[in-house]
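Chemist: Here is my input; please provide its structure:
(one chain, ligands or ions: 1)
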Amino acid sequence: MPEDSIEHIDFSDLNERAISQPLVSHIFTADPSAHYFNGKIYIYPSHDVDAGEAFDDLGSHFAMEDYHVISMDSVTGNAVDNGVALHVKDVAWAEKQMWAPDAAHKDGRYYLYFPAKAYDGIFRIGVAVSDSPTGPFIAQPEAIKDSFSIDPAVFEDEDGSYYMYFGGLWGGQLQRWRTGVFNAAHPESPTAHIPEDNEAALLPFVAKMTDDVLEFTEKPKEVQILDENGDLLLAGDKERRFFEAAWLHKYNGKYYFSYSTGDTHFICYAIGDSPYGPFTYGGRILNPVVGWTSHHSICEVEGKWYLFYHDSSLSKGVTHLRSVKVAEITYNEDGSIETLDPYRS
Ligand code: FUB
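Modeler: The predicted structure follows:
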């Protein structure tokens, strides 16, 4: 549900119809990356604040400065805010805009992956390390080499390999990397460098991580998202093409790549046989929420699968003040996912 329609919303009615309520309400949280580590749920969200920046299509109003980790003993349990896990002032290379993070666990250590704008105005992805899933995390002195754009999602495959998926259009700058180097022309335009509607859509990227999960083992590769005929989705196919918020999970031996369609506000998925893809478009997981952005993660907890997502219901529709929620998802026998409506009709 885009922001231009919020003045017509009766929020008390909407909140009654919502399929779930904010997990925490003392702070605004968004972009939840949920993991089940050692029998407990840990959610790594953005920490939304109102920094007074004007709304624009580059996302300048998303001026977040730090991360808090939320933990839960069960999906219906109390959600605990574990305080500041990492602040931008403690990241040497990063200036501002601590956007959607993710985390990974390997050999008893925890890794927080996060995008932020460096002092040259270019988004990079960094990593910070802790002995605890809730931090505090100590940032590496430099961003991950060859990283760019936003929204890292790190997937641990069953063979112990880790892969990072990333990318986001408009303010996320993915369209500026079409030639492999950053295109600084037209910095004020979110849509300069976006392909024409009849050209292939921009694609997210994937890279395998090194054994210490601090760097890429390879130059990031494009993740192909195909239609039912095996063709790349087109840039004009705005209700299906990738925009931001990548996530990867494995279900019944298949790899599910899910993502937000951004300006059309859907969370969609595509299915493949390899962590590198290609992935074939499968359908929608979540219909539009209140607020411009939609972002998610999918996490298995004791045999059930959950969608962690956000909306702007608590802030009565303020785009950059969002709240994390959770709802169960179901798979059909053919591997497709039932579409969730965030509000009952
Ligand atoms: O939270 C800032 C940005 O908004 C995220 O990085 C995007 O995925 C969108 O949710």
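
Chemist: ranges for the strands of the stretch 1-150 of the chain?
Modeler: 28-37, 40-48, 66-72, 80-87, 94-96, 102-106, 109-118, 123-130, 138-139 (DSSP state E, counting those that start in this stretch).

Chemist: Reformat the ones you listed as JSON lines; add distance to the ligand, mean pLDDT and mean neighbour count.
Modeler: Quick note: C-beta positions are derived from backbone N, CA and C, even for glycine. Formatted as JSON lines, these follow (distance: least, CB to the nearest ligand atom, whole Å; pLDDT from 0 to 100; neighbours: other CB atoms under 10 Å):
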{"stretch": "strand 28-37", "distance to the ligand": "5", "mean pLDDT": "98", "mean neighbour count": "24"}
{"stretch": "strand 40-48", "distance to the ligand": "4", "mean pLDDT": "98", "mean neighbour count": "24"}
{"stretch": "strand 66-72", "distance to the ligand": "11", "mean pLDDT": "98", "mean neighbour count": "21"}
{"stretch": "strand 80-87", "distance to the ligand": "15", "mean pLDDT": "98", "mean neighbour count": "17"}
{"stretch": "strand 94-96", "distance to the ligand": "12", "mean pLDDT": "98", "mean neighbour count": "18"}
{"stretch": "strand 102-106", "distance to the ligand": "11", "mean pLDDT": "98", "mean neighbour count": "22"}
{"stretch": "strand 109-118", "distance to the ligand": "7", "mean pLDDT": "98", "mean neighbour count": "23"}
{"stretch": "strand 123-130", "distance to the ligand": "9", "mean pLDDT": "98", "mean neighbour count": "22"}
{"stretch": "strand 138-139", "distance to the ligand": "18", "mean pLDDT": "98", "mean neighbour count": "18"}
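
Chemist: among those, which is nearest residue 269?
Modeler: strand 28-37 (16.1 Å; CB to CB).

Chemist: Report the angle between the closest one and strand 102-106.
Modeler: Strand 28-37 and strand 102-106 are oriented at 20 degrees to each other (axes from the mean of the first three to the mean of the last three CA atoms, to 10 degrees).

Chemist: so what does strand 28-37 touch, helix or strand wise?
Modeler: Other helices and strands packing on strand 28-37, by 3 or more CB pairs under 8 Å, 6 or more residues apart in numbering; DSSP states H and E, are strand 40-48, strand 66-72, strand 102-106, strand 296-301, strand 304-311, strand 323-329.

Chemist: for the ligand, what are the nearby residues on the stretch 101-250 of the chain?
Modeler: 150-151, 168, 244-245 (CB under 6 Å from any ligand atom).

Chemist: In helices only, show me the residues you listed.
Modeler: Secondary structure defined by DSSP state H assigns none of those to helices.

Chemist: Need those residues in JSON lines (columns: neighbour count).
Modeler: What follows is those, written out as JSON lines (neighbours: other CB atoms under 10 Å):
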{"residue": "150", "neighbour count": "29"}
{"residue": "151", "neighbour count": "30"}
{"residue": "168", "neighbour count": "28"}
{"residue": "244", "neighbour count": "27"}
{"residue": "245", "neighbour count": "28"}
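
Chemist: Among the residues you listed, name the ones in strands.
Modeler: Counted as lying in strands by DSSP state E, out of those, are 244-245.

Chemist: Adding pLDDT, write the residues of the stretch 101-250 of the chain next to the ligand out as JSON lines.
Modeler: JSON lines is the format used below for those (pLDDT from 0 to 100):
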{"residue": "150", "pLDDT": "98"}
{"residue": "151", "pLDDT": "98"}
{"residue": "168", "pLDDT": "98"}
{"residue": "244", "pLDDT": "98"}
{"residue": "245", "pLDDT": "98"}
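
Chemist: Closest one of the residues of the stretch 101-250 of the chain next to the ligand to residue 50?
Modeler: residue 150 (20.3 Å).

Chemist: Was I right to think the closest one contacts residue 124?
Modeler: No. Contact between residue 150 and residue 124 fails when scored by CB atoms under 8 Å: they sit 9.4 Å apart.

Chemist: which neighbours do these two share?
Modeler: Applying CB atoms under 8 Å, 6 or more residues apart in numbering, one finds that residue 150 and residue 124 are jointly contacted by residue 115.

Chemist: any idea where the strands of the stretch 201-345 of the chain begin and end?
Modeler: Going by DSSP E, counting those that start in this stretch, the stretch 201-345 of the chain shows strands at 205-208, 221-222, 225-226, 244-251, 254-260, 267-272, 279-286, 296-301, 304-311, 323-329.

Chemist: What residues does residue 232 make contact with?
Modeler: Taking CB under 8 Å, 6+ apart, one finds 200-201, 203, 224-226 in contact with residue 232.
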